[in-house]
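1. This is a predicted model, with the sequence first.
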Amino acid sequence: MDSIKHFLGSFFVTGEPMIYMADVAIVLVSIAIIFVLTYFKKWKWLWKEWLTTVDAKKIGIMYIIAALLMLFRGGVDALLMRSQLALPNLHLLDSQHYNEIFTTHGTIMILFMAMPFIIGLFNIAVPLQIGTRDVAFPFLNAISFWLFFIGAMLLNISFVIGGSPDAGWTSYTPLAGKELDPGVGENFYLLSLQITGIGTLATGVNFFTTIIKMRAPGMTLMKMPMFTWSVLITSVIIMFAFPVLTVDLAMLTIDRLFDAHFFTTTAGGQPMQWANLFWIWGHPEVYIVILPAFGVFSEVISTFSHKKLFGYHAMVFSMIAISVLSFITWVHHFFTMGASAGVNSFFSLSTMLIAIPTGVKIFNWLFTLNKGKLEFSTAMLWSLAFIPNFLIGGLTGVMLAVAPADYQYHNSDFLVSHFHYVLIGGTVFAAFAGLTYWWPKMFGHILNERLGKWAFWIFMISFNVCFLPMYLVGLLGMTRRMYTYPAGLGWTGLNFVETIGAFGMGLGFIVMVYNIYWSARYGERDTTGDPWDGRTLEWATTSPAPEYNFAHIPTIQQVDDFYYMKKEGRDKEMHKAPYKPIHMPNNSGVPIIMGVFFFISGFGLVFDWIWMGIVGALGILACMLYRSFETHDHHHIPVDEIERTEREAGRFS
């Protein structure tokens, strides 16, 4: 009965104009999309070409589009928070709404923006870099995307139906338990993360298998491009870290839905166990999103320095060291919990130790730049800006690693600023660099460089205007999650400057989106297959890459071999070989239908409607059963179709 009241009451919320505005906006946007697709008769095209695709490149594009939408949603949350804190004693948001906003902001930005953006780049670049026509499990790849997307939609719908989660993106118990948080918002959090986590775990297995088993002939591990190395190591971290999150989420879900007591002290549970399990996943998660960023910067800096990447082996071994150390640093997230001096000392040292391989990488990039013929493209600017900004985040991270000092920094805006310097200065900058760098492989044209540079400078300067003062206000005593504050504490000026910076970042994002629109409409098509004079193997095919990626699978002799193929003319010889028919996996509607059943099951469990959860679970099983009887799993691309595609792309001289 309570769940029905929550559900019905969510449509009649009083005193929340933002909820009404969101309801109206969703309805209007939905009507507009339906009208456009119907008017231009695009429903069949949308279903056939995109919604049912198993092509890794198209799946990567869908990941990135969804991530950009989530960046907008999470960014709006951030602007609401900064508007609330711009001046003392403001009440743009009440305390409950503010709790919901900072919870969804953190959750969306980490799990539904950074992760899918990076995974989108996995899908676009890795098969092209290792010389394979697809990932190891194309069908599973499609399921991974739809589980992510459904999880994102389930979390976002909480804003207008039922109420958003409000216990912070870490959802510590007992605050997130049923007794202190009886609404359904926390259920939305748990079920959406569980669904998207299953998809992410499948992605890790998929790309690990792809890289280990499907590299082009001659490509040993030590001949792989650096981005592919970063994806391989990230996939290993995913496979070890995400099962921990799965268990943690399941335990709290069982607590809330079935009155178990895994985290209830009075019933023999341990509330701190949630935090331990969460951060055993959560700190490796930070490196899941930053290691691929290091791979992106390695590719971009090497390309636009017109030099071979300095210290290839050092880069590889430093990433391996980071991946190992990432699993033994999690307790630094709660130095103030009251652990012994020995425990705090161990995790303090392990946290400082992880700075060493990270520092090795910084010097590798600097030596790559040294005496290079630098080309300041938009992608290169994002990569160059990463170095000083990430360095600020890293050095303040070492400060936070000092356990006694952390008693002062912990839970303050100083920590918030550190977190954003590493994640925005690292992952988000890399996402924008990778998007610009690999755009021709997706769409066949280069993004407008002038607009790209305007977006870069506006965003990068505004980022520092927003977060650099946050270090100072944190040292002055302002804690995070504070929704308002009195005048006279010395915080007002700094908070107002931070708010100006936040809106500047929003302006930079708008310019970036306009660049995408402008370039799609007016940008010149690229058919050279080599828009950036790229050094690595992904440029061994046309722009955009065809469905099959490679008409001929290349044979690799050394690192960055296609760069040397071009210098020596061997790339032309490769394309003179006779074409052979190609078999590619068929599209399938099963992944999106399975995703719908996951949504039904998750939505039902959110409101404690067990019958709906069972219906969704049965639908998932039915999809799996149907898939097991599918026979025609591949389609045939004849030689004449391959020749026509290559001719249109300018591969014939």
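-> Thanks, I have it. Numbers count the residues shown, from 1 in each chain.
2. pLDDT below threshold where in the stretch 201-350 of the chain?
-> Applying pLDDT under 70 to the stretch 201-350 of the chain picks out no residues at all.
3. Please disregard the earlier target; I meant the chain.
-> Low-confidence regions of the chain, defined here as pLDDT under 70, cover residues 1-20, 22-23, 524-542, 571, 575, 649-653.
4. run the last query once more with 50
-> Low-confidence regions of the chain, defined here as pLDDT under 50, cover residues 12-14, 526-530, 532-537, 652-653.
5. what does the domain assignment say about it?
-> With automatic domain parsing serving as the domain definition, the record reports that the chain contains domains spanning 1-41, 42-588+630-648.
6. Would you reformat those domains as CSV and include distance to residue 598 and mean neighbour count?
-> Using the backbone N, CA and C atoms, a C-beta is placed for each residue, glycine as well. As requested, the domains of the chain are exported to CSV (distance: least, C-beta to C-beta, whole Å; neighbours: other C-beta atoms under 10 Å):
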stretch, distance to residue 598, mean neighbour count
domain 1-41, 19, 11
domain 42-588+630-648, 5, 20
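7. Which among the ones you listed is found nearest to residue 608?
-> Evaluated over those, closeness to residue 608 peaks at domain 1-41, with 4.5 Å, by C-beta to C-beta.
8. how about JSON lines for the domains of the chain, with distance to residue 623 added?
-> As requested, the domains of the chain are exported to JSON lines (distance: least, C-beta to C-beta, whole Å):
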{"stretch": "domain 1-41", "distance to residue 623": "25"}
{"stretch": "domain 42-588+630-648", "distance to residue 623": "9"}
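9. In this protein, which helix is the longest?
-> In the chain, taking DSSP state H as the definition, the longest helix is helix 271-305.
10. what separates that one from the chain centre, distance-wise?
-> Computed by C-alpha atoms, centre = their mean, to the nearest Å, the separation of helix 271-305 from the middle of its chain amounts to 10 Å.
11. what do you get for stretch 634-645?
-> Between the mean C-alpha location of stretch 634-645 and the chain-wide mean there is a distance of 34 Å, by C-alpha atoms, centre = their mean.
12. Over to stretch 126-134?
-> Centre-to-centre, stretch 126-134 and its host chain are 21 Å apart (C-alpha atoms, centre = their mean).
13. again with stretch 240-259
-> Its chain's average C-alpha position is 22 Å from that of stretch 240-259, according to C-alpha atoms, centre = their mean.
14. same thing with stretch 386-406?
-> Here stretch 386-406 is found 22 Å from its chain centre; the criterion is C-alpha atoms, centre = their mean.
15. Over to stretch 622-637?
-> 30 Å.
16. Give me the distance between the two termini of that stretch.
-> According to C-alpha to C-alpha, to the nearest Å, stretch 622-637 extends 31 Å from its N-terminal end residue to its C-terminal end residue.
17. Could you verify my assumption that residue 282 touches residue 329?
-> No. At 10.6 Å, residue 282 and residue 329 do not qualify as touching, with contact defined as C-beta atoms under 8 Å.
18. hmm, back to that, relative to residue 607, which of the domains of the chain is closest?
-> Using C-beta to C-beta as the criterion, the shortest distance between residue 607 and those is 4.1 Å, found for domain 1-41.
19. rewinding a little: out of the domains of the chain, nearest to residue 600?
-> Taking C-beta to C-beta as the criterion, residue 600 comes closest to domain 42-588+630-648 out of the domains of the chain, the separation being 9.6 Å.
20. Show residues contacting stretch 474-493.
-> Contact partners of stretch 474-493, identified using C-beta atoms under 8 Å, 6 or more residues apart in numbering, comprise 84-85, 87-91, 93-95, 98-99, 102, 168, 409, 411-417, 473, 494-495.
21. next one: stretch 512-527
-> When contacts are defined by C-beta under 8 Å, 6+ apart, stretch 512-527 is touched by residues 68, 432, 439-440, 443-448, 451-452, 455, 459, 542-543, 649-650.
22. Now, those that are in strands?
-> Within the contacts of stretch 512-527, no residue falls in strands by DSSP state E.
23. so of these, which ones are in helices?
-> When DSSP H defines the helices, the subset of the contacts of stretch 512-527 inside them is 68, 432, 439-440, 443, 451-452, 455, 459.
24. Please identify which of those is nearest to residue 611.
-> Of all those, the one sitting nearest residue 611 is residue 68; the distance, using C-beta to C-beta, is 36.6 Å.
25. Spit out the contact partners of the closest one.
-> Counting by C-beta under 8 Å, 6+ apart, residue 68 touches 117, 513.
26. got it, and residue 210?
-> Under the criterion of C-beta under 8 Å, 6+ apart, the neighbours of residue 210 are 126-127, 130, 132, 135-136.
27. Tabulate those (CSV), appending distance to residue 290.
-> As requested, the contacts of residue 210 are exported to CSV (distance: C-beta to C-beta, whole Å):
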residue, distance to residue 290
126, 17
127, 23
130, 22
132, 26
135, 23
136, 25
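28. can you list those in JSON lines and add distance to residue 289 and secondary structure?
-> Rendered in JSON lines, the data for the contacts of residue 210 read as follows (distance: C-beta to C-beta, whole Å; DSSP: H, G, I helix; E, B strand; the rest coil):
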{"residue": "126", "distance to residue 289": "16", "secondary structure": "helix"}
{"residue": "127", "distance to residue 289": "21", "secondary structure": "helix"}
{"residue": "130", "distance to residue 289": "22", "secondary structure": "helix"}
{"residue": "132", "distance to residue 289": "24", "secondary structure": "coil"}
{"residue": "135", "distance to residue 289": "20", "secondary structure": "coil"}
{"residue": "136", "distance to residue 289": "22", "secondary structure": "coil"}
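29. Closest one to residue 224 out of the residues you listed, please.
-> Closest to residue 224 out of the contacts of residue 210 is residue 130 (6.7 Å), distances taken as C-beta to C-beta.
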